[in-house]
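**Student:** quick one: sequence and predicted model below, then my questions.
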Amino acid sequence: MEQSTTLSRRFTPATLLMLSINGMLGSAWLFAPLYAAKIAGVYSIVAWLIGGMITAVIALTFVELSVLFPVAGGTARIPQLSHGTFTSFMVSWIAWLSALTMAPIEVQAVLQYASTYFPSLMHMVNGAPVLTKIGFVWATVLMLGLCTINIASFKGLVSFNFVLFLFKTIVIILVVAMIVHTSYHVSNFSGITNSFSMDSWKSILAALATGGIAFAFTGFKHGVELAGEAKKLRIGIPLAIIGSVVCCMVLYIGLQIAFIGALEPALLMHGWKNVSFIGDVGPFAGLAATLGLIWLLKLLYFDAAVSPLGAGLIYVTSTARILYAMSKLGFFPKFFTRLNQQNLPVVAIFINFIVGMCLFLPLPGWQAMVSFLVSGMVISYAMGPIALLCLRLEIPEAERPFRLPAANIFCFLAFYFCNLMSYWTGWETIYKLGIAISIGFIFFLIACLRGKLSTDSLGLKSMSWIIPYLGGLALISYFGAFGGKNLIPFGWDFLVIGIFSLFILYFAVMSRAHHIVVNYENYQRAEALSL
């Protein structure tokens with residue numbers, strides 16, 4: 001019997017929402033309040049609010065797309081529909097590499113917390129905690145564990161996801177309540193009443209991009225990647241994508257307020273960037289120990305394993321769907337699409353495991369991994385508003401169970417915000433992403449030379465905006481105020497990126513593939529045959 005390569009619809013709206021929330025509530029809440037406070041101080045609260053609002057605007061564009069075009073690995077499939085093969089490859093390559101970083105980030109977080117009791121797991125290199133040889137062995141064990149749970153049983157995955165959801169949310173609420181009740185210094189918030197200076201705004205945006213805030217909201221894309229397996233699309237997709245952003249934003253802001261309020265005022269005498277205390281390798285655990293909350297300390301160390309591994313588990317699930325979709329499109333060998341008896345993409349999961357282990361080497365430390373992930377992920381997000389406008393123009397009569405109001409305004413804002421967040425990660429991260437994108441070009445050429453891609457669908461005209469887009473972002477970053485030459489000073493860079501975004505968005509929409517109607521009709525026929 002021929003092995004199946006078609007995924008089935010099985011995720012209910014509630015399951016999809018819990019998957020998305022679990023994907024967000026990983027290591028970010030354990031580390032980001034400290035890193036964000038060190039960068040932006042009390043203004044980090046504002047950074048969380050801005051981060052949540054920006055993410056919600058971006059997410060709204062994906063809601064309409066994912067309900068209209070519910071496929072597994074939508075990050076790869078939607079650009080194929082609107083701009084052809086080359087654009088689809090570049091966007092999905094960037095998204096895949098970024099999402100692939102997530103499981104190693106969460107494993108790194110677990111081992112970083114554990115190193116408080118087991119120092120042999122980590123050693124400091126240039127001020128950043130890096131895995132030792134023993135730490136790398138344990139990282140391998142944890143990564144294999146995440147893969148095994150994913151391929152063992154779908155019912156087991158759903159049950160485990162529900163337990164994780166309850167446990168993580170209850171722990172966060174407990175942490176906020178107990179820390180605020182035990183130690184709360186109102187004087188720590190005095191700075192927020194001052195007027196916002198240019199420096200404070202710059203620190204807010206830097207905290208958003210590199211302090212773990214943008215990273216904390218990346219989980220909303222699980223609803224996009226798993227749309228091909230979702231039930232009740234009209235309810236499930238909007239609930240998972242928007243509902244997860246709103247719920248997590250409330251929890252994150254609560255954590256940041258609790259963290260700032262709990263710090264002894266004496267720790268702030270030398271400035272926020274110099275804040276340090278015993279056990280700050282695990283900030284909330286360190287606070288709990290300082291406040292004498294021993295039972296909370298034990299709970300936090302247990303959750304320091306559960307939260308990151310839970311998020312890593314969900315990312316192993318959704319990242320495999322991106323690779324699955326890329327293989328379906330011919331970018332990688334077809335055997336990557338093979339499913340096991342549980343109808344799960346087992347080969348894609350283990351390929352991701354192998355590549356994910358390699359990422360521990362060039363990206364040592366939690367914060368370095370986070371910056372790389374954010375810079376790439378937001379570029380892949382930028383395809384959402386572009387594709388939405390293209391599909392509105394080419395298939396205006398298609399039934400849209402969810403229709404985004406004021407789409408032109410929302411799409412421009414979403415595209416602009418994506419470019420800003422990528423720019424805020426800084427030149428040091430952007431140039432590394434550029435190297436990774438260049439490697440992607442090589443894989444694309446190999447696929448073409450092997451004859452796996454039809455020259456008719458490459459979309460040579462439709463790809464004409466990609467090079468100016470990626471090259472323009474790199475140039476602005478190089479000359480900008482975030483780790484660049486500062487020839488484009490802070491403040492003016494908003495205008496520069498705004499004009500650049502308007503031009504590229506118009507260029508990308510105008511160069512769209514004009515066979516979108518045919519592609520969409522082919523998709524509908526294939527979907528009807530699979531039911």
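**Tutor:** Yes, it's here.
**Student:** so which strand or helix has residue 205?
**Tutor:** In this structure, residue 205 sits in helix 198-210 according to DSSP states H and E.
**Student:** beyond that helix, next helix or strand please.
**Tutor:** Beyond helix 198-210 on the C-terminal side, the first helix or strand identified by DSSP H and E is helix 213-216.
**Student:** got the contact list for the nearest residue to residue 303 once chain neighbours are set aside?
**Tutor:** What sits nearest to residue 303 in space, not counting adjacent residues and going by Cβ to Cβ, 6 or more residues apart in numbering, is residue 171, at 4.7 Å. For glycine as for every other residue, the C-beta is placed from the backbone atoms N, C-alpha and C. For residue 171, the contacting residues are 299, 300, 303, 307, by Cβ atoms under 8 Å, 6 or more residues apart in numbering.
**Student:** confidence score at residue 171?
**Tutor:** In this model, residue 171 is scored at 90, pLDDT.
**Student:** now do the SS call for it.
**Tutor:** Three-state assignment for residue 171 (DSSP: H, G, I helix; E, B strand; the rest coil): helix.
**Student:** measure it to residue 442 for me?
**Tutor:** Residue 171 is 44 Å from residue 442, where distance means Cβ to Cβ, to the nearest Å.
**Student:** per-residue pLDDT, the residue positioned nearest the centre of the chain?
**Tutor:** The residue lying closest to the centre of the chain (Cα atoms, centre = their mean) is residue 218, at 2.9 Å. On the pLDDT scale, residue 218 is placed at 76.
**Student:** nearest residue to it other than its sequence neighbours?
**Tutor:** Counting by Cβ to Cβ, 6+ apart, the residue nearest residue 218 is residue 377, at 5.5 Å.
**Student:** I'd say the one you found and residue 100 touch.
**Tutor:** No: using Cβ atoms under 8 Å, residue 377 is not in contact with residue 100, being 10.8 Å away.
**Student:** one step back: spell out which helix or strand contains the residue nearest to residue 218, please.
**Tutor:** helix 366-381.
**Student:** tilt between that helix and helix 198-210?
**Tutor:** Inter-element angle recorded for helix 366-381 and helix 198-210: 80 degrees (by axes from the mean of the first three to the mean of the last three Cα atoms, to 10 degrees).
**Student:** packing partners of helix 366-381?
**Tutor:** Here helix 366-381 touches helix 28-40, helix 85-100, helix 102-114, strand 128-131, helix 198-210, helix 213-216, helix 407-424, helix 427-449, going by 3 or more Cβ pairs under 8 Å, 6 or more residues apart in numbering; DSSP states H and E.
**Student:** out of these, which one sits most buried?
**Tutor:** Each of those was scored by mean neighbour count; the highest is helix 213-216, a mean of 31, by mean count of other Cβ atoms under 10 Å.
**Student:** what is that one packed up against?
**Tutor:** The contact analysis (3+ Cβ pairs under 8 Å, 6+ apart) places helix 213-216 against helix 28-40, helix 44-68, helix 233-262, helix 366-381.
**Student:** off-centre distance for it?
**Tutor:** Its chain's average C-alpha position is 7 Å from that of helix 213-216, according to Cα atoms, centre = their mean, to the nearest Å.
**Student:** how about low-confidence regions in the stretch 351-500 of the chain?
**Tutor:** 361-368, 451-460 (pLDDT under 70).
**Student:** and residue 123, that's in a strand?
**Tutor:** Yes: assigned with three-state DSSP, residue 123 falls within a strand.
**Student:** angle of the helix holding residue 377 against helix 102-114?
**Tutor:** 160 degrees.
**Student:** next secondary structure after helix 366-381?
**Tutor:** Helix 366-381 is succeeded, C-terminally, by helix 383-394 (DSSP H and E).
**Student:** which residues does that next one contact?
**Tutor:** Against helix 383-394 from outside (Cβ under 8 Å, 6+ apart): 58, 61-62, 64-65, 68-69, 75, 78-79, 81-83, 87, 91, 398, 404, 407-408, 410-412, 414-415, 418, 505, 508-509, 512-514, 516-517, 520.
**Student:** same check, this time on stretch 402-413
**Tutor:** For stretch 402-413, the surrounding residues in contact (Cβ under 8 Å, 6+ apart) are 57, 60-61, 63-64, 67, 234, 237-238, 385-386, 388-389, 392, 501-502, 505.
**Student:** same deal with stretch 14-25?
**Tutor:** By Cβ under 8 Å, 6+ apart, stretch 14-25 touches 11, 158, 161-162, 164-165, 168-169, 172, 216-220, 222-223, 226, 230, 236-237, 239-241, 243-244, 247-248, 251, 307, 310-311, 313-315, 317-318.
**Student:** re earlier: do you know how far the residue nearest to residue 218 is from residue 370?
**Tutor:** Applying Cβ to Cβ to residue 377 and residue 370 gives a distance of 10 Å.
**Student:** residue 435 now?
**Tutor:** Separation of residue 435 from residue 370 (Cβ to Cβ): 18 Å.
**Student:** go on, residue 513?
**Tutor:** 34 Å.
**Student:** repeat that for residue 465.
**Tutor:** Taking Cβ to Cβ as the measure, residue 465 falls 28 Å from residue 370.
**Student:** more neighbours, these two?
**Tutor:** residue 370 (32 against 22; other Cβ atoms under 10 Å).
**Student:** so what's the more buried one up against?
**Tutor:** Residue 370 sits next to 105, 210, 212, 215 when contact means Cβ under 8 Å, 6+ apart.
**Student:** as a markdown table, the residues you listed with pLDDT and distance to residue 121 would be great.
**Tutor:** Formatted as a markdown table, those follow (pLDDT from 0 to 100; distance: Cβ to Cβ, whole Å):
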| residue | pLDDT | distance to residue 121 |
| --- | --- | --- |
| 105 | 81 | 16 |
| 210 | 78 | 24 |
| 212 | 81 | 21 |
| 215 | 80 | 22 |
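**Student:** run through the stretch 151-300 of the chain and note the low-pLDDT ranges.
**Tutor:** 151-161, 191-196, 219, 221-230, 233, 279-281.
**Student:** rewinding a little: now, of the contacts of stretch 14-25, which are buried?
**Tutor:** 11, 161, 164-165, 168-169, 172, 216-220, 222-223, 226, 230, 236-237, 239-241, 243-244, 247-248, 251, 307, 310-311, 313-315, 317-318 (16 or more other Cβ atoms under 10 Å).
**Student:** ok, residue 239 - contacts?
**Tutor:** Applying Cβ under 8 Å, 6+ apart, we find residue 239 in contact with 13, 16, 17.
**Student:** I'd like to know how far it sits from residue 69.
**Tutor:** 18 Å.
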